[in-house]
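Peer 1: pasting the structure only:
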């Protein structure tokens with residue numbers, strides 16, 4: 001008799017103490033749960049072993065990336081329904097220990113162990129990063145982390161990002177606009193905030209595939225140095241620069257920002273890069289950029305932020321993102337970022353919150369990936385394509401639900417005399 005789904009539903013509800021908000025289909029073809037809900041497909045018993053050996057987010061991620069788990073129906077609806085049960089509960093060892101004191105929980109775990117079969121833990125998928133966390137954010141470890149995320153293949157990123165090749169939050173006039181227009185508008189907004197003008201020098205930290213550098217040089221006549229740690233990004237960006245006829249205006253370097261010594265610059269853009277810096281290195285990052293700016297020069301820092309914790313010492317890096325997406329990436333509250341920039345000597349003049357814009361951007365990236373899934377999976381591998389689909393869809397929901405945000409912080413290296421060079425009505429760029 002095919003009844004694995006019903007048994008799973010019963011055991012999960014016993015374990016979690018609440019009804020399961022999705023339908024379950026098990027490896028034996030059986031189904032159980034709400035008929036109109038998205039379906040969680042448990043393709044084999046190995047999926048259960050992954051969850052048992054690593055309860056919570058990382059176990060779910062391993063099962064998803066390996067293909068042991070799948071979702072049929074609306075992916076966003078399924079992730080939203082399961083987020084409170086999985087992602088927001090976490091897997092704190094003390095919480096698990098307390099839960100296992102409950103006889104109902106212990107009984108459910110024994111039932112799942114029996115249903116899962118052999119107790120040996122499955123090996124993590126090959127896409128998972130394995131490393132020591134003893135020396136975070138050295139130049140060597142940062143280069144390796146950046147390579148893991150960005151050296152996936154430029155052809156793959158062309159599918160996801162579209163023609164703009166911009167891998168950061170776009171700036172939307174309306175949800176019905178095109179991704180390309182929204183990304184162009186974001187680059188234009190940054191250029192106006194920096195008040196770029198012909199003859200100036202711009203440093204683009206974490207320049208990606210060169211879109212900001214090209215836009216600033218072509219539209220504003222500035223000379224640009226773009227730095228990235230990704231060899232693949234740099235090669236792609238240089239080819240684009242040459243195609244635009246801008247080799248006399250744009251230089252793309254494979255270089256750590258900490259090794260840039262040819263300041264001063266009139267302006268610095270850091271777009272979606274500071275998330276890689278790390279809490280312990282952030283003040284150093286801010287001081288390095290301060291030193292590279294001329295007096296009166298501007299910095300535009302575009303960065304994802306998390307919500308502050310009541311006990312900040314309890315904050316830990318998201319396990320799925322750390323293991324599969326952005327190794328060593330860290331998010332900080334916007335207040336912490338502003339404080340560190342000002343501690344470095346910069347004067348913060350404007351903070352613009354564009355949280356909803358990132359949700360729109362991520363949904364377009366997911367749609368791009370899904371529309372050309374077969375080719376994307378062939379280029380990057382099925383497991384890596386699964387990672388990107390899950391993290392982008394889950395991130396879209398996180399922005400929509402105000403679990404994380406994204407902000408543009410405009411700061412100035414204000415001279416000792418106090419003349420910031422800013423207009424009295426600061427938002428003149430709107």
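Peer 2: Done, it's in. Everything numeric in this text was worked out from a predicted model, so none of it was measured.
Peer 1: now the end-to-end length of stretch 311-327.
Peer 2: Across stretch 311-327, the straight-line distance between its terminal residues is 24 Å, by CA to CA, to the nearest Å.
Peer 1: equivalent analysis for stretch 67-79, please.
Peer 2: Comparing the first residue of stretch 67-79 with its last one, the separation is 16 Å (CA to CA).
Peer 1: in that stretch, what's buried?
Peer 2: Of all the residues in stretch 67-79, those buried under the rule 16 or more other CB atoms under 10 Å are 67, 68, 69, 71, 75, 76, 78, 79. Backbone N, C-alpha and C define where each C-beta goes, glycine included.
Peer 1: so how far is that stretch off the chain centroid?
Peer 2: How far stretch 67-79 lies from its chain's middle: 20 Å, per CA atoms, centre = their mean, to the nearest Å.
Peer 1: do the same with stretch 218-237
Peer 2: In terms of CA atoms, centre = their mean, the centre of stretch 218-237 is set 21 Å apart from its chain centre.
Peer 1: can you check stretch 52-66 too?
Peer 2: Computed by CA atoms, centre = their mean, the separation of stretch 52-66 from the middle of its chain amounts to 19 Å.
Peer 1: just stretch 343-362 next, same as before
Peer 2: Centroid separation between stretch 343-362 and its chain, computed with CA atoms, centre = their mean, is 15 Å.
Peer 1: okay, how far is it across it, tip to tip?
Peer 2: End-to-end distance for stretch 343-362: 33 Å, by CA to CA.
Peer 1: buried ones in it?
Peer 2: Of the residues in stretch 343-362, those buried under the neighbour-count criterion (16+ other CB under 10 Å) are 344, 346, 348-349, 352, 354-362.
Peer 1: ok, stretch 364-381 next?
Peer 2: Under the neighbour-count criterion of 16+ other CB under 10 Å, stretch 364-381 has 364, 365, 366, 368, 369, 376, 377, 379, 380, 381 buried.
Peer 1: name the SS class of the third one, please.
Peer 2: Put plainly, it is residue 366. helix (DSSP: H, G, I helix; E, B strand; the rest coil).
Peer 1: can you pull out the strands in the chain?
Peer 2: Here the chain has its strands, by DSSP state E, at 23-25, 31-32, 39-42, 69-72, 201-205, 223-228, 250-254, 265-271, 293-306, 347-353, 404-412.
Peer 1: which residues touch the shortest one?
Peer 2: Under the criterion CB atoms under 8 Å, 6 or more residues apart in numbering, residues 5, 6, 8, 9, 23, 24, 25, 39 lie in contact with strand 31-32.
Peer 1: my guess is the second one meets residue 25, correct?
Peer 2: No: checked against CB atoms under 8 Å, the pair residue 6 and residue 25 is beyond contact range at 11.2 Å.
Peer 1: between these two, which one's more packed in?
Peer 2: For residue 6 versus residue 25, the count of surrounding residues by other CB atoms under 10 Å is larger for residue 25: 21 against 16.
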